[in-house]
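Student: Okay, here's the prediction I keep looking at, along with the sequence it came from:
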Amino acid sequence: MKKYLILSLIFIISAGIFLACEKSEPVKNEPRQIDLLKTTSEIIEADKAFGFELFHEVYNNSEEVNLMISPLSVSYALGMTYNGAAGTTLNAFEEVLHFNELTNQEVNETYKNLMEQLVTLDDNVEFSIANSIWYKLGFEVLSEFIETNQEYFDAAVEEIDFSDPQTLETINQWIEARTNGKIKDMLDYIPTNTVMYLINAIYFNAQWKYEFDKDKTHEDNFNLADGSIHPTDFMMVNGNFNYTTNDDFKAVELPYGDSAFSTVVMLPEGENKVDDIISKLDMENWDAWFNNSVMENVQVELPKFRYEFKDLLNEPLINLGLGIAFSGEADFTRINPLGSIFISRVIHQTFIDVQEEGTEAAAATIVEMRYESVIDTPITFRVDRPFLYFIKENSTGAIIFIGKVGKPEYS
């Protein structure tokens, strides 16, 4: 039984989604908008489609009560990896990421343009996007791959000794620094046949345009999916907000800063559950739902919440059609001309803190690439003839027992 999500909170980090929200008093400044070049618009639509599909897969494969993904972070990490793909592997990236008829050059230019505009869109919102590539000391990487990702993704690039225990800490510290300390110890280990990490990190910190009144925060009951009650702190704010209601759900849009960014909170209506809403969540329905939003005077009562989520995205991405990139058939000859490398893991971690003043959120995505030739093949140690054994104390090395087994018996 799928557990109930505390909130279905969807962050869509694109100007085409964020609808301006005003109170009754006049607003002096209109929110800045992203300059929607044709290719920028197409990438935003592509990221939305990919984000909805990825959320479906993560939700269906997770038993966590609270989950959260950043489609933008995953897209940027895979976008850098895409620059190394060729042949049918490249085609798979284009299909899964919905690049459609865009050329490789157009995709890269649009990622750069979008990143530059997102991080400067609202002076009252702290928003950063950082990318990096780490590759194994001595591993040949084509200069074009490095230069492309430096130019269009502003990627920091470092050749580093993966066998050095300090390297794991160095990579984790880079992620922690770019997420303002919210994503820690993300990379758990570096397998011996790893040749490259492609990493994206996003940090978002914004005050509500209309803050919740701390004096009105109060404890009340939250109804869990299993019918039990969970006491929690509810925040309250009154104002004129974009409001949507239909047979499936009701939703309110809460703006940040100058209204360039906002959060849409969706609450299932009637007998509907979160599962029912997610099953209908796609591009067509999203546009239809929120084309009917109207400005209403709404009293919002929203639980405070703070949590982390971490998941391996291999299965969701394979289910979406990127399986070839995880297999021995992967073609990444635009990274290394000899090929024989594949994506071994896509690790994704997020953090969110929603309270009276605003929202702090962070995300990071790691694409790990390994040699195909040594894909974690275990060493075979078959004890099928007489053998010795030694039992010892390790701090001193003292041998406590020595034995020989010539005919193993057990009774």
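Tutor: Noted; the coordinates are in hand. Numbers count the residues shown, from 1 in each chain.

Student: This protein: strands as residue ranges?
Tutor: For the chain, the strands defined by DSSP state E cover 8-10, 125-136, 156-160, 194-207, 218-223, 229-245, 249-256, 261-268, 294-303, 305-312, 341-354, 358-371, 387-392, 399-405.

Student: Make JSON lines out of these and add mean pLDDT, mean neighbour count and distance to residue 42.
Tutor: All C-beta spots, glycine's among them, are computed from the backbone N, C-alpha and C. Listed next are the strands of the chain as JSON lines, based on pLDDT from 0 to 100; neighbours: other Cβ atoms under 10 Å; distance: least, Cβ to Cβ, whole Å:
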{"stretch": "strand 8-10", "mean pLDDT": "35", "mean neighbour count": "19", "distance to residue 42": "21"}
{"stretch": "strand 125-136", "mean pLDDT": "96", "mean neighbour count": "21", "distance to residue 42": "19"}
{"stretch": "strand 156-160", "mean pLDDT": "98", "mean neighbour count": "15", "distance to residue 42": "28"}
{"stretch": "strand 194-207", "mean pLDDT": "96", "mean neighbour count": "24", "distance to residue 42": "20"}
{"stretch": "strand 218-223", "mean pLDDT": "90", "mean neighbour count": "11", "distance to residue 42": "40"}
{"stretch": "strand 229-245", "mean pLDDT": "92", "mean neighbour count": "16", "distance to residue 42": "25"}
{"stretch": "strand 249-256", "mean pLDDT": "89", "mean neighbour count": "22", "distance to residue 42": "24"}
{"stretch": "strand 261-268", "mean pLDDT": "89", "mean neighbour count": "21", "distance to residue 42": "21"}
{"stretch": "strand 294-303", "mean pLDDT": "92", "mean neighbour count": "14", "distance to residue 42": "29"}
{"stretch": "strand 305-312", "mean pLDDT": "93", "mean neighbour count": "15", "distance to residue 42": "28"}
{"stretch": "strand 341-354", "mean pLDDT": "95", "mean neighbour count": "22", "distance to residue 42": "24"}
{"stretch": "strand 358-371", "mean pLDDT": "95", "mean neighbour count": "24", "distance to residue 42": "22"}
{"stretch": "strand 387-392", "mean pLDDT": "61", "mean neighbour count": "10", "distance to residue 42": "64"}
{"stretch": "strand 399-405", "mean pLDDT": "59", "mean neighbour count": "9", "distance to residue 42": "68"}
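
Student: got a markdown table for these, with distance to residue 63 too?
Tutor: Output for the strands of the chain, formatted as a markdown table (distance: least, Cβ to Cβ, whole Å):
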| stretch | distance to residue 63 |
| --- | --- |
| strand 8-10 | 17 |
| strand 125-136 | 30 |
| strand 156-160 | 36 |
| strand 194-207 | 25 |
| strand 218-223 | 19 |
| strand 229-245 | 18 |
| strand 249-256 | 23 |
| strand 261-268 | 19 |
| strand 294-303 | 21 |
| strand 305-312 | 11 |
| strand 341-354 | 16 |
| strand 358-371 | 21 |
| strand 387-392 | 41 |
| strand 399-405 | 43 |
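
Student: any idea what sits nearest residue 156, other than its immediate chain neighbours?
Tutor: Spatial nearest neighbour of residue 156, excluding adjacent residues (Cβ to Cβ, 6 or more residues apart in numbering): residue 132 at 4.4 Å.

Student: I'm done for today, thanks for sticking with me.
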